[in-house]
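Novice: Sharing a model that was predicted from the sequence below.
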Amino acid sequence: MTMKLSDGERQAALDSLPAWQRVDGRDAIARDLRFADFNAAFGFMSRVALQAEKMDHHPEWTNVYNRVRIVLTTHDAGGLSTRDLELARFIDSLLPPA
């Protein structure tokens, strides 16, 4: 079973993932993204979905036209875990540098 991150691990993780924000009231992180259009947003989501399926770790997300909101948490662990960090880093790798 995947273990929930300690407070120190969580803070270090957030420091290493500056584009991700804590979710108020939850032990989770989120990122809001905008793409050129729906096709670009959906293509991005498809790439993330393939990796999430390989990891057997699926994001909570929404898509409205060119916007995608992603929330990561590990329900089995009751909060943020290393699996969320791995998926967040994969997601970041798909995006151009800020």
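Specialist: In hand now; what should we look at? Residues are numbered from 1 along each chain as shown.
Novice: List the buried residues for stretch 69-81?
Specialist: The neighbour-count check on stretch 69-81 (16 or more other CB atoms under 10 Å) flags I70, V71, L72, T73, T74, A77, G79, L80, S81 as buried. The C-beta positions use only the backbone N, C-alpha and C, and glycine is treated the same way.
Novice: Give me the pLDDT for A77.
Specialist: A77 is assigned 89 on the pLDDT scale.
Novice: Can you tell me the closest non-neighbouring residue to it?
Specialist: K4 (4.3 Å; CB to CB, 6 or more residues apart in numbering).
Novice: Residue ranges in the protein under the pLDDT threshold?
Specialist: Applying pLDDT under 70 to the chain picks out residues 98.
Novice: so where do the strands sit in it?
Specialist: Using DSSP state E, the strands found in the chain span residues 21-22, 29-34, 60-64, 67-72.
Novice: Just say which of these is most tucked in.
Specialist: Mean neighbours per residue, mean count of other CB atoms under 10 Å, is largest over the strands of the chain for strand 67-72, with a mean of 19.
Novice: which helices and strands sit right next to that one?
Specialist: Packed against strand 67-72 by the contact rule (3 or more CB pairs under 8 Å, 6 or more residues apart in numbering; DSSP states H and E) you find strand 29-34, helix 38-55, strand 60-64, helix 82-93.
Novice: so it versus strand 60-64, what angle?
Specialist: 180 degrees (axes from the mean of the first three to the mean of the last three CA atoms, to 10 degrees).
Novice: residues near G8, how many?
Specialist: Neighbours of G8 under the rule other CB atoms under 10 Å: 8.
Novice: Pull the number of nearby residues for the residue nearest to A77.
Specialist: 16.
Novice: Check the one 3 residues further on too.
Specialist: Neighbours of D7 under the rule other CB under 10 Å: 7.
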